[in-house]
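Enquirer: Just need the structure, nothing else, for what follows:
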Amino acid sequence: MVFAWLFLVPGAILSARFLHHKNQQEPLELFGIQLWFQIHRFANSLAFIFVIISFLCIYSALDGFWIGPRFSNRSEQNLSTQSLHALFGILSIFICIFQPLCAIFRCAPESPKRFIFNWIHSILGYIAWICSAISISLACLKFEQFFIDSFLARDVLIASLVLNFISFFSLQWFSLKRRERFELEEENERQRRNAIWQINLPKEYKRNDQSINNNQHLRPPPLIVMAPSECSDTGQRESLMIQQAIIGLFFVASAVLSLCLALTLILA
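Expert: Model (predicted):
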């Protein structure tokens, strides 16, 4: 569970959100498929396997007994740490099982309804990770007997969560800056094209404003081909490389932290 929810799933979320750029002219590919999708699919598939194996181990250890909230229990029991840990854990597992099923039956990328799947898939992914983070936090804070060093487990968990938030918000900041720069370049390109259109407009179209407005659809062939700004292209590549580096560092750091947290459980 620790490797799945603190290492694989966050990495899959970050790669899908920040490495997938629709306006990227030459997207990175691996074996003919875009890199972000390869990372997203591989990490989530591996996380799915880990979650199912962990769930079966927990189910076997508890002999199939549900320790979460029950209608027959008192409110104190339903709000206990053990009960909430089980509740948030099972919610994250259910979503983890539902997500690949939802992805199998998704519509084509060019479908006008594809945005519905994208929103549902994204929201459920965030909810699953939040539920798992709450469940793991409750385990680290309240189930000291299961760790060889409960204080070390707490510190590692806090460091892992801080790493997740710092990575997400720093990538979001770079993404917004990249989008602003792209929109600015689009506006500049539009203004340059309009200027060229006015310069190369045939004389018979320049008689009055009315004639210009009436002949907007008659555009002469451009005499000058405007190349994209090299500075802008370089800035776009640099921003994307920084985002890729942040995600790479996140994978390395989260792997180390997840391993440390797992060792505190295994050695106990």
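Enquirer: quick one, helices of this structure?
Expert: With helices called from DSSP state H, the chain shows them at 2-3, 9-18, 35-61, 75-78, 81-104, 114-142, 150-199, 209-214, 230-266.
Enquirer: Mind giving me the packing neighbours of the second one?
Expert: In this case it means helix 9-18. Under the contact criterion of 3 or more CB pairs under 8 Å, 6 or more residues apart in numbering; DSSP states H and E, helix 9-18 touches helix 35-61, helix 114-142, helix 150-199, helix 230-266. From N, CA and C alone the C-beta is placed, and that goes for glycine too.
Enquirer: For residue 16, which residues are in contact?
Expert: Shown in contact with residue 16 (CB atoms under 8 Å, 6 or more residues apart in numbering): 36-37, 40, 122.
Enquirer: Ok, which of the helices of the chain comes nearest residue 67?
Expert: Relative to residue 67, the nearest member of the helices of the chain by CB to CB is helix 81-104, separated by 5.0 Å.
Enquirer: same for the closest one, what does it pack against?
Expert: Judged by 3+ CB pairs under 8 Å, 6+ apart, the packing partners of helix 81-104 are helix 35-61, helix 114-142.
Enquirer: Figure out which of those is closest to residue 6.
Expert: For residue 6, the closest of those is helix 114-142, at 7.0 Å, according to CB to CB.
Enquirer: could you give the angle of that closest one to helix 9-18?
Expert: Relative orientation of helix 114-142 versus helix 9-18 (axes from the mean of the first three to the mean of the last three CA atoms, to 10 degrees): 150 degrees.
Enquirer: what packs against helix 114-142?
Expert: helix 9-18, helix 81-104, helix 150-199.
Enquirer: average pLDDT across the first one?
Expert: The pLDDT scores in helix 9-18 average 87.
Enquirer: got a list of contacts for stretch 116-123?
Expert: Counting by CB under 8 Å, 6+ apart, 16-17, 99, 102-103, 106-107 sit against stretch 116-123.
Enquirer: Now that we have the residues you listed, which of them are buried?
Expert: 16-17, 99 (16 or more other CB atoms under 10 Å).
Enquirer: any idea which of those residues is the one closest to residue 243?
Expert: Nearest member of those to residue 243, counting by CB to CB, is residue 17, at 10.0 Å.
Enquirer: I'd like the helices and strands packed on helix 114-142 as a markdown table, with distance to residue 61 appended.
Expert: As requested, these are exported to a markdown table (distance: least, CB to CB, whole Å):
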| stretch | distance to residue 61 |
| --- | --- |
| helix 9-18 | 23 |
| helix 81-104 | 13 |
| helix 150-199 | 19 |
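Enquirer: if we can go back for a sec, looking at the helices and strands packed on helix 9-18, which one has the lowest mean pLDDT?
Expert: Averaging pLDDT over each of the helices and strands packed on helix 9-18 singles out helix 230-266 as the lowest, with a mean of 71.
Enquirer: still on that earlier bit, could you dump the helices of the chain into a markdown table and include distance to residue 69?
Expert: Output for the helices of the chain, formatted as a markdown table (distance: least, CB to CB, whole Å):
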| stretch | distance to residue 69 |
| --- | --- |
| helix 2-3 | 24 |
| helix 9-18 | 24 |
| helix 35-61 | 17 |
| helix 75-78 | 4 |
| helix 81-104 | 5 |
| helix 114-142 | 13 |
| helix 150-199 | 24 |
| helix 209-214 | 68 |
| helix 230-266 | 25 |
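Enquirer: All set, thanks.
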